[in-house]
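# Next come a sequence and a model predicted from it.
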Amino acid sequence: MIKNENIICISSIDWDFIWQGHQEIMSTFARNGNRVFFIENTGVRTPGIRDIWRIRNRIRNWFKGIKGIREETDNLYIYSPLVIPFPYLRIASWINKHLILSVFEKWKKIANFHDPIIWTFLPTPLSLDIIESLSSKLVVYYCIDNFRVSSYSAKKIQRYEIRLLKKADLVFVTSKSLYDYCSTYSSSVYTFSFAVNFEEFQKARLENNTATDELKDMPRPIIGYVGGLHKWVDQSLVKAAAERYPQYSFVFVGPVQTSITLLSNLKNIHFLGKIEHSKIPYIINEFDVCIIPYVDAEYTRNVYPTKLNEYHALGKPVVSTYLPEIVNFNARNNNLVFTAKGKEEFINCIAQALISKDEHVVNERIESARKNSWAARIEEMSTFVQDTIKKKSGGKIYWKENLLKFYKKAQRRALSLSVISLCLYLLIAYTPLVWFIASPLKLAQSPQNSEAIVVFAGGVGESGKAAEGYEERVQYAVELYKQGYARNLIFSSGYMYVFREPVIMKALAVSLGVPADAILLEDKAKNTYENVEFTKIILDAEGWHRILLVSSPYHMRRASLVFKKNAPEISVICTPIPHSLFYSHGVGPRGEKVFKLINIQQLKGLMHEYLGIIFYKLKGYI
């Protein structure tokens with residue numbers, strides 16, 4: 001068996017799901033001195049309502065570790081990534097790839113985890129992205145399901161699976177139909193059906209314990225099933241059998257993954273839910289007959305039921321629907337499984353299985369499971385892995401391939417970054433997107449008669465340049481004054497550029513026809529919060545409670561929020577300048593149409609306002 005290797009497993013199930021080949025293989029590798037990085041299922045379809053429990057578990061598992069990574073046992077690390085759940089949306093896949101690799105690359109450096117074998121059960125775009133982004137010794141694809149027909153949304157997986165089949169150095173499959181399909185695209189396909197931990201199940205059989213707590217009060221005989229209760233279980237078949245044999249107990253062990261309304265009202269059908277893996281052999285040992293009641297569908301025609309080996313390891317009679325892989329198994333093993341076409345045959349087979357007590361047949365069942373033990377299976381797969389690594393790493397080929405892979409990866413990354421940067425630039429600079437995002441900052445009301453017009457000057461403001469912006473504000477304030485909306489002006493700014501800004505503002509207002517004694521100055525404020533605080537002192541001294549507020553159009557939201565929090569007794573009517581030269585867009589200086597809708601200074605100004613609101617919220621100013 002392989003030793004001292006680093007292995008990345010891209011799994012199609014989560015670690016704490018029903019114990020299957022994924023956990024068995026990787027835990028065996030870890031016990032044998034290999035280090036395993038197990039990436040939990042990232043999905044072959046967009047999740048629905050029924051997946052809420054899985055999403056909840058993923059979030060819980062992410063928090064159990066550091067950035068989603070936890071050490072399960074020695075040499076075995078489980079990664080529970082949080083991903084955008086749209087497996088075939090390219091932008092989502094690109095983001096997910098970078099989320100996963102950014103965490104993995106940091107962990108890899110700390111753990112000195114280099115030149116891994118990548119072993120994937122998942123042929124999705126994200127899996128391919130991960131495989132193509134990492135330098136590896138070997139890529140193994142273990143094809144255990146016909147994902148193409150597992151669900152409607154998973155149909156899109158086929159072209160990615162074909163790419164993976166062509167890329168993988170080794171392809172393992174679990175059934176003949178999967179072998180036939182994969183062999184079309186790969187010349188390195190080998191059949192390894194899922195197996196059984198034979199020693200563990202034999203221990204339960206030989207101990208022959210009394211009834212487990214879950215089954216001790218259950219009427220016998222017990223007809224049992226172990227595994228997920230999913231949409232491929234023929235519930236109408238089970239219902240017919242349970243109604244025919246109301247004195248029998250029909251027991252289902254495993255998580256319910258689909259609606260079971262057809263079965264839930266039958267008193268002799270019992271759902272035990274998910275049970276700890278170590279107890280499963282002891283529970284199966286209590287069954288009198290084990291069943292595999294799958295529907296006949298394209299998906300199940302590719303399935304080799306792993307539970308068959310578990311049932312046989314305990315010598316139990318098995319009744320199954322007519323599945324191709326069961327038929328193939330019977331051809332090799334003297335018809336050990338009772339197979340049925342239709343409900344009546346299935347019901348009759350249960351009756352036959354109950355009286356099947358031949359010790360010779362029991363031993364044949366056990367021997368068939370021994371041949372399908374995980375110990376033997378993993379040893380055989382390891383031999384293929386070792387031989388293929390030797391072939392790949394023979395001489396100069398290995399370093400050349402990795403060097404070429406490195407440069408291709410760098411080129412793809414540079415191209416992706418360039419395309420994304422260009423798209424973002426076009427989106428920001430040549431569409432109204434930023435102005436749409438900034439629109440909540442604007443707050444404008446119709447002018448009303450007030451006691452004062454308050455003008456907040458810009459300082460260096462959003463433009464980042466001194467003495468820009470105040471002219472527009474003063475001119476608009478003077479216009480409001482001349483229209484008779486108020487008899488007083490207050491200019492607020494603590495900025496100084498040669499002269500204090502309020503002094504310059506007053507001079508401009510006087511030159512435009514406002515009497516000097518109608519103007520009050522506030523020259524201490526260094527920011528919007530102080531604009532409000534120091535202006536409030538003037539307003540209180542004059543006994544004024546209603547003002548028109550003049551400032552930049554995109555500054556009004558923050559200014560009004562500060563007034564609302566810190567001077568709630570003052571009625572503020574927001575009257576920003578209607579036309580801001582700094583924020584003008586779409587039209588050139590001569591009235592011509594301009595396609596570039598925003599410049600870097602405007603973008604900085606808008607960001608300044610949003611960041612200002614966030615900062616003020618944290619400071620408690622708003």
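All right, it came through fine. Treat the numbers as computed from the prediction; the structure is a model and nothing was measured.

# What is the least confident helix or strand in this structure?
strand 496-497 (a mean of 74; mean pLDDT, DSSP states H and E).

# Pairing partners for that one, with directions?
Note on strand 496-497: by DSSP bridges, its sheet partners are strand 499-500 (antiparallel).

# Just give me the neighbour total for Trp62.
18 (other CB atoms under 10 Å). C-betas here are computed from N, CA, C, even on glycine.

# quick one: contacts of the host helix or strand of Trp53?
Assessed by DSSP states H and E, Trp53 sits inside helix 52-64. The contact list for helix 52-64 (CB atoms under 8 Å, 6 or more residues apart in numbering) reads 14, 16, 40, 47, 68, 70, 78, 80-82, 85.

# List just the nearest of these to Val594.
Of all these, the one with the least separation from Val594 (CB to CB) is Pro85, at 40.4 Å.

# export whatever helix or strand comes next after the helix holding Trp53 as CSV, just CAs?
Later in the chain than helix 52-64, the nearest helix or strand by DSSP H and E is strand 69-73. Taking C-alpha atoms only, strand 69-73 is exported to CSV below (Å, rounded to 0.1, in the frame of the first residue of the first chain):
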residue,chain,number,x,y,z
ILE,A,69,-9.9,23.0,8.4
ARG,A,70,-9.9,20.6,11.3
GLU,A,71,-7.8,17.5,12.2
GLU,A,72,-10.0,14.5,12.4
THR,A,73,-7.3,12.0,13.3
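
# Give me the average confidence score over strand 69-73.
Across strand 69-73, pLDDT averages out at 94.

# now do stretch 191-199
91.

# Next: stretch 11-23.
Stretch 11-23 comes out at a mean pLDDT of 91.

# Could you give me the buried positions within it?
11-23 (16 or more other CB atoms under 10 Å).

# And stretch 420-432, by the same measure?
Quick answer for stretch 420-432 (16+ other CB under 10 Å): Ala429.

# Please apply the same query to stretch 45-58.
45, 54, 58.

# about what we covered before: which of the buried residues of stretch 11-23 fall within helices?
21-23 (DSSP state H).

# Leu126: which of the residues you listed is nearest?
His22 (17.0 Å).

# Contact partners for the closest residue to that closest one other than its chain neighbours?
Distance criterion CB to CB, 6 or more residues apart in numbering; nearest residue to His22, sequence neighbours excluded, is Ser11 at 5.0 Å. Counting by CB under 8 Å, 6+ apart, Ser11 touches 22, 38-41, 121-122.

# Run through the residues that contact Lys596.
Lys596 neighbours (CB under 8 Å, 6+ apart): 429-430.

# next one: Pro125
By CB under 8 Å, 6+ apart, the contact list for Pro125 reads 87-88, 90, 93, 160.

# Now do the SS call for the residue nearest to the spatial centre of the chain.
Closest residue to the average C-alpha location of the chain: Val83 at 1.8 Å, with CA atoms, centre = their mean. Assigned by DSSP: H, G, I helix; E, B strand; the rest coil, the conformation of Val83 is coil.

# So for it, what pLDDT did the model give?
pLDDT, Val83: 90.

# How about the one 3 residues further on?
Residue-level confidence at Phe86 comes out at 86, pLDDT.

# quick one: average pLDDT of stretch 500-513?
93.

# Buried residues in that stretch, which are they?
500-502, 504-506, 508-509.

# so where is the stretch 401-550 of the chain shaky, pLDDT-wise?
401-406, 458-469 (pLDDT under 70).

# If we use 50, what do you get?
Within the stretch 401-550 of the chain, the stretches with pLDDT under 50 are 460, 463-464, 466-467.

# mind listing the helices for it?
433-438, 470-482, 501-511, 528-542 (DSSP state H, counting those that start in this stretch).

# Counting neighbours, show which residues of stretch 370-382 come out buried.
Counting neighbours by 16+ other CB under 10 Å, stretch 370-382 gives 370, 372-375, 377-378, 381-382 as buried.

# same question, stretch 274-286
In stretch 274-286, counting by 16+ other CB under 10 Å, buried: 275, 280-286.

# now the strands for the stretch 1-150 of the chain?
With DSSP state E, counting those that start in this stretch applied, the stretch 1-150 of the chain shows strands at 6-10, 35-39, 69-73, 76-79, 117-120, 138-143, listed in chain order.

# so which of the ones you listed comes closest to Ala457?
Proximity of the strands of the stretch 1-150 of the chain to Ala457 was assessed by CB to CB; the nearest stretch is strand 69-73, lying at 52.9 Å.

# Show me what that closest one is packed against.
strand 76-79 (3 or more CB pairs under 8 Å, 6 or more residues apart in numbering; DSSP states H and E).

# pLDDT (mean, whole number) over the strand it packs on?
96.

# Can you name every helix or strand that that strand contacts?
If you count contacts as 3+ CB pairs under 8 Å, 6+ apart, strand 76-79 packs onto helix 21-31, strand 35-39, strand 69-73, helix 90-111.

# So which of these is nearest Lys203?
Among the helices and strands packed on strand 76-79, helix 21-31 comes nearest to Lys203, with 15.8 Å by CB to CB.

# burial count for Ile95?
Ile95, neighbours per other CB under 10 Å, totals 15.

# ok, it - contacts?
Ile95 touches Ile84, counting by CB under 8 Å, 6+ apart.

# And the pLDDT for it?
92.

# any idea how far it is from Leu82?
Between Ile95 and Leu82 the distance is 11 Å, computed by CB to CB, to the nearest Å.

# what do you get for Ser259?
Distance from Ser259 to Leu82, by CB to CB: 28 Å.

# three-state assignment of Phe252?
Phe252 - assigned by three-state DSSP - is strand.

# Look at it and say how many residues are nearby.
Phe252: 24 neighbours (other CB under 10 Å).

# Is it correct that it is in contact with His270?
Yes - the criterion here is CB atoms under 8 Å, and Phe252 meets it with His270 at 7.1 Å.
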